[in-house]
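Student: Any chance you could fold what I've pasted below:
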Amino acid sequence: MAFPLLYFDATLNTTMKPFFITIAKNLTLLIIPDSDAHADGHPVLTYTYSIYRRDKSTVAKLNQPDKLLQANKKNNPDYLGYITFEQPGKVFSYVADGENELSPDEVLDVIEEINHFRDTPQLWTI
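Tutor: Numbering: from 1, shown residues only. I've put the predicted structure just below:
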């Protein structure tokens, strides 16, 4: 099985481009792909995505994405956990390790939206 590869230039930033999705009940979420920087330009495949409720304070931190990915994210009331793609398209896990969490239906919607992101290379622009 071939997996989509996500490329980025480590000189620009250390994470891939965050994106917004809207799921049922008009819940708008900020999805932040978690990845490691590779200065040598090798491809990076992201398996883990942090999930935040879209809020003015969270959006304001987009210029400083490291603040959203730090260990203290669990104390952010907009943080809803993360999804890990164990086998993209087949096996996923959701961890609600913050103060709030998504419902099972919301998790399925988020997985569907992230799959769309992963399967659409035009959306990978940084």
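Student: Please, where are all the helices along this protein?
Tutor: Counting by DSSP state H, one finds helices in the chain at the ranges 56-60, 65-69, 104-118.
Student: lowest-confidence stretch among the ones you listed?
Tutor: Within the helices of the chain, the least confident segment by mean pLDDT turns out to be helix 65-69, at a mean of 62.
Student: Could you check how far Asp105 is from Tyr47?
Tutor: Counting by CB to CB, to the nearest Å, the gap from Asp105 to Tyr47 is 23 Å. In this view, the C-beta of every residue, glycine as well, is placed from N, C-alpha and C.
Student: ok, these two, which is more surrounded?
Tutor: The residue with more neighbours, out of Asp105 and Tyr47 and counting by other CB atoms under 10 Å, is Tyr47; that gives 17 against 11.
Student: Leaving out chain neighbours, which residue sits closest to the more buried one?
Tutor: Across the structure, with CB to CB, 6 or more residues apart in numbering as the measure, the residue nearest Tyr47 apart from its sequence neighbours is Phe85 (4.9 Å).
Student: Okay, and the beta partners of the one you found?
Tutor: Note on Phe85: beta-bridge partners Phe92, judged by DSSP bridges.
Student: Verify the contact between it and Phe92 for me.
Tutor: Yes. Under the criterion of CB atoms under 8 Å, Phe85 makes contact with Phe92 at 5.8 Å.
Student: can you pull out the strands in the protein?
Tutor: In chain order, the chain shows strands spanning 19-23, 27-34, 48-53, 79-87, 91-95, with DSSP state E as the criterion.
Student: Dump these to CSV, plus mean neighbour count and mean pLDDT.
Tutor: Below are those laid out as CSV (neighbours: other CB atoms under 10 Å; pLDDT from 0 to 100):
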stretch, mean neighbour count, mean pLDDT
strand 19-23, 15, 90
strand 27-34, 19, 88
strand 48-53, 21, 90
strand 79-87, 18, 88
strand 91-95, 14, 91
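Student: Before I go, just wanted to say thanks for your time.
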